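Trainee: please work out how this folds:
(chains A and B, ligands or ions: 3)
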Amino acid sequence: MGKKILTENINIPGINTIEVYKQHGGYASVEKALKQMTPNEVVEEVKKSGLRGRGGAGFPTGMKWSFIDKKSGRPRYLICNADESEPGTFKDRYLMEKIPHLLIEGMIVSSYALESNLSFVYIRGEYKWIYEMLWKAVNEAKANGYLGHNILGTGYHLDIIIHCGAGAYICGEETALIESLEGKRGNPRIKPPFPAVNGLYNNPTVVNNVESLSAVPWIINNGGEAYTKYGVGRSTGTKLISACGNIRKPGVYEIDLSLPVKEFLFSEEYCGGIANNKQFKAIVAGGSSVPILPAELFLKTADGKDRIMSYESLNEGGFVSGTMLGSGGFIVYDEDACIVRNTWNFSHFYRHESCGQCSPCREGTAWMEKVLYKIEHGTAQAKDIDLLWSIQRNIDGNTICPLGDAAAWPVASAIRHFREEFEWHIEYPELAQRQNYGLLKSTREKLYNTETTTV
Amino acid sequence: MLAVKTNKPAQFSEEALAKAKEIIARYPEGKHKSALIPILHIAQQENDNWLSVETLDYVAQLLNLKTIEVYEVATFYSMFNLNPVGRFLLEVCHTGPCAIRGGEWLKNYLCEKLNIKPGETTTDKMFTVKGVECLGACGYAPMMQVGKYYYEHLDTPEKVDALLEQLRSRVDFKHENWVV
Ligand SMILES: Cc1cc2nc3c(=O)[nH]c(=O)nc-3n(C[C@H](O)[C@H](O)[C@H](O)COP(=O)(O)O)c2cc1C
Ligand code: SF4
Ligand code: FES
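Mentor: Ligands and ions are numbered 1, 2, ... in the order given. Sure thing, here's the model as predicted:
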């Protein structure tokens, strides 16, 4: 069993209450940080740990904290990003539902590091029951002296507001989130200025993911150095992976970032292999926005090295033959999954979620969805694949926020690695109605070789 | 989607009003606009789970905002219903990870069973079926949200039928208050 940092106590009955949480060492890091450390010492400890943002971009958390403007004397805010809407991602929910005080504890210590007196959790509106649970945790923490005025007699004061969204993937992007928290539409802001200088209410702001903040208590209790003992290289520590799709054991798993991908996918301890004795065809390893990979390029890099679950290893080969760890949304496809249909589905998602501010994203996502609809439904022509390629090229890098890129990459990678499946759709439109439209090439040839023209 | 006018005044109980005021007071001075989204959720609960023009105007007044500021927000977010919906809004996830594990089946099955298309309401005003994007339950597909909660692993007709029956029998149903 790999080391558990976030989920060690998660199955203890009653751990969602402050009494049980405290019996198992809960809130120790608040005592330690507030009583024995300066805010900058907390920042340094997190820097030492090498912790990287778990929301998707993997930016070093301690470094992000050190950018916040403390000099101007304006109020500073910490916002926890609990918008969790990237398809394939359901890990933050797991932490908040099971062990809500871990996040609150992490937020108190992190707010102290940033010298913030008012912090927020921005949670997606659909997580209604979790929104309630978090308020309960905040009120319990307050009743126990960990929030409010003069916390533990140290003179530090902090309030936490749990704030709900109302259904918009784009509000996970940090500047859209800030706009939304101000009571506006979730339109991302042009950067710079970055939130660390001008964020919420035009004041210095740090936005961090639920999982990033939940790792802080352990780091403060055990030291940044200890955290680097897990994982490998610049991928220190552990990460939650939410595994779904055609696997035997979907769920949320905490893994050491040095775990071989093969072990994660096939061992009983984790995903348990492909469901229904099917073959493994493809994977989206870090949430819908990251490039899709065929099975063989996921298990081994283009030059034959076994991949592990680290940021660097998954990225090896770049966009040509690699992918990204992203948010940890692990979507597995078996031999029956149709890549064209899935790409069309994702492009519908991005078209629906585009805020519409920049034309390459607004127009491009709508156009991609249309072309993919045609290919999937057997009304496209061969040149439509090249059209699709050029549309995604024109979005990538030309937009205000990364949603545009996120919409382009799944399309680009699907064409790059599964072009023949697109061609096959166009060549045999009469097969579009069949369930097993996405069969592996070998199986398909076996099945249809003699009958393709007559089906 | 344009908001619908009903010529019926917005409903806001004493309790809801008190809650709205408490929420406004949470945010820093002068930043009461931050309370808009939570209060729109309350307004929706109080008004049969949708927002009419009258309700939106009422919220604008309550928060001392221009009506356009409220319309802008209400039309941006998918959880705000700008048209009447059935007593139970069945929000089925149809995004990729669910789609490959029965999400498409679930949406079709519900529509067939209730004899409506996605987005429509049954004639007895009991159910509305709506396809929604990833709800953060991809490993527990197929699934849908009804009111406050998620219903997961709805992978057989029997399970879906039983859930519909259970919902139908809730005669005392009120839209859950969850905005605390
Ligand atoms: C379209 C889009 C959606 C995003 N959604 C989320 C999200 O749901 N949760 C999250 O933590 N980060 C999300 N991010 C990343 C955030 O912008 C931000 O980088 C992150 O919250 C920073 O926290 P971290 O450094 O702790 O990862 C999203 C980014 C984009 C561009
Ligand atoms: S890239 Fe898309 S989502 Fe991002 S700001 Fe532009 S239009 Fe909006
Ligand atoms: S795809 Fe359905 S919950 Fe994520």
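Trainee: B:Glu29 and A:Gly88, how far apart?
Mentor: Distance check for B:Glu29 against A:Gly88: by C-beta to C-beta, to the nearest Å, it reads 41 Å. C-beta: built from backbone N, CA, C; applies to glycine.
Trainee: repeat that for A:Gln381.
Mentor: Distance check for A:Gln381 against A:Gly88: by C-beta to C-beta, it reads 32 Å.
Trainee: could you do A:Ser235 as well?
Mentor: Separation of A:Ser235 from A:Gly88 (C-beta to C-beta): 20 Å.
Trainee: the two - which one has more neighbours?
Mentor: Looking at A:Ser235 and A:Gly88 with other C-beta atoms under 10 Å in any protein chain shown, you find the greater number of neighbours at A:Gly88, namely 31 against 23.
Trainee: give me the secondary structure label for that one.
Mentor: Per DSSP: H, G, I helix; E, B strand; the rest coil, the secondary structure class of A:Gly88 is coil.
Trainee: so where's the longest helix in chain A?
Mentor: Counting by DSSP state H, the longest helix found in chain A is helix A:403-427.
Trainee: so for that helix, what gets flagged as buried?
Mentor: In terms of neighbour count (16 or more other C-beta atoms under 10 Å in any protein chain shown), helix A:403-427 has its buried residues at A:403-418, A:421-422, A:424-426.
Trainee: you'd agree A:Gly224 is up against A:Gly50?
Mentor: Yes: assessed by C-beta atoms under 8 Å, A:Gly224 is found in contact with A:Gly50 at 7.5 Å.
Trainee: near ligand 3, which residues of chain B are found?
Mentor: Neighbours of ligand 3 within chain B, by C-beta under 6 Å from any ligand atom: B:93, B:95-98, B:103, B:134-138, B:141.
Trainee: swap in 8 Å and give it another go.
Mentor: B:93-99, B:103, B:133-138, B:140-143 (C-beta under 8 Å from any ligand atom).
Trainee: among these, which ones are in strands?
Mentor: Under the assignment DSSP state E, those contribute B:Cys93 to strands.
Trainee: which of the residues of chain B next to ligand 3 count as buried?
Mentor: For those, a burial check counting by 16+ other C-beta under 10 Å picks out B:93-99, B:103, B:133-138, B:140-143.
Trainee: where in chain B is pLDDT low?
Mentor: Flagging of chain B using pLDDT under 70 yields the residue ranges B:1-2.
Trainee: now do the strands in it.
Mentor: Assigned by DSSP E, chain B shows strands spanning B:88-93, B:127-132, B:144-146, B:149-151.
Trainee: now for the second one, which elements pack on it?
Mentor: Taking 3 or more C-beta pairs under 8 Å, 6 or more residues apart in numbering or on different chains; DSSP states H and E as the contact definition, the neighbouring helices and strands of strand B:127-132 are strand B:88-93, helix B:104-114.
Trainee: who touches that strand?
Mentor: For strand B:127-132, contacts defined as C-beta atoms under 8 Å, 6 or more residues apart in numbering or on different chains pick out A:167, B:78, B:85-94, B:107, B:110-111, B:114, B:116-122, B:145, B:164, B:167.
Trainee: one more time with 7 Å
Mentor: Strand B:127-132 has contacts (C-beta atoms under 7 Å, 6 or more residues apart in numbering or on different chains) with B:78, B:85-86, B:88-94, B:107, B:110-111, B:114, B:116, B:118-121.
Trainee: could you export the helices and strands packed on strand B:127-132 as CSV, including distance to ligand 1?
Mentor: As requested, those are exported to CSV (distance: least, C-beta to the nearest ligand atom, whole Å):
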stretch, distance to ligand 1
strand B:88-93, 16
helix B:104-114, 24
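Trainee: which ones are touching B:Ile100?
Mentor: A:245-246, A:333, A:337.
Trainee: if I look at it, how far off is A:Gly251?
Mentor: Relative to A:Gly251, and taking C-beta to C-beta, B:Ile100 is found at 16 Å.
Trainee: next: A:Thr228.
Mentor: From A:Thr228 to A:Gly251 the distance is 27 Å (C-beta to C-beta).
Trainee: ok, back up a step: looking at the helices and strands packed on strand B:127-132, which is buried most?
Mentor: Highest mean neighbour count of the helices and strands packed on strand B:127-132: strand B:88-93, a mean of 25 (counted as mean count of other C-beta atoms under 10 Å in any protein chain shown).
Trainee: ok, and the most crowded of the contacts of B:Ile100?
Mentor: Most surrounded of those: other C-beta under 10 Å gives A:Gly245, at 28 neighbours.
Trainee: pretty sure it is touching A:Gly329, no?
Mentor: No: the criterion here is C-beta atoms under 7 Å, and A:Gly245 misses it with A:Gly329 at 9.8 Å.
Trainee: out of the buried ones among the residues of chain B next to ligand 3, which sit inside helices?
Mentor: B:96-98.
Trainee: now those residues in JSON lines, with distance to ligand 2?
Mentor: Formatted as JSON lines, these follow (distance: C-beta to the nearest ligand atom, whole Å):
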{"residue": "B:Gly96", "distance to ligand 2": "19"}
{"residue": "B:Pro97", "distance to ligand 2": "21"}
{"residue": "B:Cys98", "distance to ligand 2": "22"}
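Trainee: go through those residues and name the one nearest A:Asn9.
Mentor: Distances from A:Asn9 to those, taken as C-beta to C-beta, are shortest for B:Pro97 (28.3 Å).
Trainee: give the contact list for that closest one.
Mentor: For B:Pro97, the contacting residues are A:87-88, A:244-245, A:331, B:138, B:141, by C-beta under 7 Å, 6+ apart.
Trainee: could I get these as a markdown table with distance to A:Cys171?
Mentor: Formatted as a markdown table, those follow (distance: C-beta to C-beta, whole Å):
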| residue | distance to A:Cys171 |
| --- | --- |
| A:Pro87 | 15 |
| A:Gly88 | 18 |
| A:Cys244 | 22 |
| A:Gly245 | 25 |
| A:Ile331 | 22 |
| B:Cys138 | 19 |
| B:Ala141 | 23 |
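Trainee: centroid residue for chain A?
Mentor: Closest to where the C-alpha atoms of chain A average out (C-alpha atoms, centre = their mean) is A:Ser327, at 2.1 Å.
Trainee: distance of that one from chain B?
Mentor: Distance from A:Ser327 to chain B, counting by C-beta to the nearest C-beta, to the nearest Å: 11 Å.
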